[in-house]
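Student: Turn this into a model:
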Amino acid sequence: KDPAAICHLGWNYWGGEHGLQKDVRKAVELWTEAAELGSVQALHNLGVAYESGEGVEKNRAKATEFYKEAAMQGHVMSRYNLGCCEWGKGNPDCVVKHWLISAKMGHERSVENIKRAFGGGLATKEQYVEVLRGYQDAVEEMKSHD
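Tutor: Alright, predicted model coming up:
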């Protein structure tokens, strides 16, 4: 079984794409299977489902666990979402920590949020400079140097 294909099929059910009728419960079932087979994207998608309550009962704690598992495997959007979850819990130090990591992975919105956090006194100048350098390094690394 191909976890990437199963995850993609789940996405098609989630949005009712490619001639499939929208079925968010089926999407969640497929993402669960794909996650069990090792799909990091499926873990992220399950986090989104549990955070939004689409196709499953809304459960922020479960969403956070899926995001953590995916983030630990390098999923940048899950890392960013962990920061957002921590924001909702009122944990600015954790927010900054997660957004520092995702910004250094090339996530532009994380850079913008760290800039706002710096302006609001939640992030230090050193952290902001660190993010700008890390983000620039990530962008450079992704460029094609043909």
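
Student: where exactly do the helices run in the chain?
Tutor: Assigned by DSSP state H, the chain shows helices spanning 3-15, 24-36, 40-52, 60-71, 76-89, 92-104, 108-119, 125-142.

Student: Under the pLDDT cut-off, which ranges of the chain? List them.
Tutor: Along the chain, the parts satisfying pLDDT under 70 run over 145-146.

Student: Now do the contacts for Ser107.
Tutor: Quick fix: residue 107 reads His, not Ser. Residues in contact with His107 (C-beta atoms under 8 Å, 6 or more residues apart in numbering) are Val76, Met77, Arg79, Tyr80, Tyr135. To be clear about C-beta, it is placed using only N, CA and C from the backbone, and glycine gets the same treatment.

Student: that older thread, for the helices of the chain, could you give me a markdown table that also reports mean neighbour count?
Tutor: As requested, the helices of the chain are exported to a markdown table (neighbours: other C-beta atoms under 10 Å):
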| stretch | mean neighbour count |
| --- | --- |
| helix 3-15 | 19 |
| helix 24-36 | 20 |
| helix 40-52 | 23 |
| helix 60-71 | 20 |
| helix 76-89 | 21 |
| helix 92-104 | 21 |
| helix 108-119 | 18 |
| helix 125-142 | 14 |
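
Student: ok, now how distant is Leu122 from Leu82?
Tutor: Remark: distance between Leu122 and Leu82 (C-beta to C-beta, to the nearest Å) = 16 Å.

Student: that older thread, out of the contacts of His107, the closest to Glu17 would be?
Tutor: Met77 (19.5 Å; C-beta to C-beta).

Student: pretty sure that closest one contacts His44?
Tutor: Yes: taking C-beta atoms under 8 Å as the definition, Met77 is a contact partner of His44 at 6.0 Å.
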